[in-house]
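K.L.:
Below is the structure, and that's it, no one-letter string:
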C-alpha cells in the first residue's frame, strides 16, 4: 500500500496547524496510542543520544499517555512552562519519503518553529523522522524522533516547540 505524497504533506501541515491553534485534543488524534515520541539530547561529543532508556533525552514518551498528560497540564494551567501559553508558528519543509512497508511510511522533514512568550520570540529548528500509519480511519503518527539542532535553549522545551 502506498500513501500519496500530497496526503502525507497535508497531514504534517495539519498537525503543525493544530499546535499553532492550540487545538490540543484534535492534535492528540494525530498520534497512535502506541506512539514512540522521542527528542534525544546532544552528548559531549556532539552526537545525539541513541537510547532513551539509558541516556538523557529532551523529551521521551513511550506511548500516547505521556502526550495526553502534557495536554492535560497545558489545558488546566498546571504547567509552569506553558503558562501563559506561548504563541507559535510552525513551518514544515523538505518532506521526503524514506521508505514504505505495509500500512506504514517513514518520512523525514525539517521544521522551524517561532515561539513568542513574555515579549520574547525564540526559534527552534531541526529535523523530524516520523513513521505514519494508515489505520483505516486516517493516518496517525506511530513513531516520532525529533532532532533539535539548537545549541542553546533558554527555556524548558515542550511538545508545541517542535
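P.N.:
Yep, that arrived. It should be emphasised that the depicted structure is a prediction, and the values quoted were computed from it without experimental measurement.
K.L.:
Under the pLDDT cut-off, which ranges of this protein? List them.
P.N.:
Across the chain, the ranges flagged by pLDDT under 70 are 1, 77-84.
K.L.:
ok, 80 please
P.N.:
The model of the chain has pLDDT under 80 over residues 1-2, 77-85, 135-137, 151-156, 161.
K.L.:
Show me the helices in it, by range?
P.N.:
Using DSSP state H, the helices of the chain run over 5-20, 24-28, 64-75.
K.L.:
Please enumerate residues in contact with the first one?
P.N.:
Defining contact as Cβ atoms under 8 Å, 6 or more residues apart in numbering, one finds that helix 5-20 is touched by 24, 26-27, 30, 88-92, 95, 97, 105, 107, 109, 111, 130, 132, 139, 141, 159-160. To be clear about C-beta, it is placed using only N, CA and C from the backbone, and glycine gets the same treatment.
K.L.:
let's go with 6 Å and repeat that
P.N.:
Contacts to helix 5-20, defined as Cβ atoms under 6 Å, 6 or more residues apart in numbering, come from residues 26-27, 30, 88-90, 92, 95, 107, 139, 160.
K.L.:
so of those residues, which ones are in strands?
P.N.:
88-90, 92, 95, 107, 139 (DSSP state E).
K.L.:
From residue 120, how far off is residue 152?
P.N.:
Residue 152 sits at a distance of 14 Å from residue 120 (criterion: Cβ to Cβ, to the nearest Å).
K.L.:
More neighbours: which of these two?
P.N.:
residue 120 (10 against 5; other Cβ atoms under 10 Å).
K.L.:
That one bridge partners, please.
P.N.:
residue 117 (DSSP bridges).
K.L.:
Please apply the same query to the one 5 residues further on.
P.N.:
Following DSSP bridges, residue 125 is listed with bridge partners residue 112.
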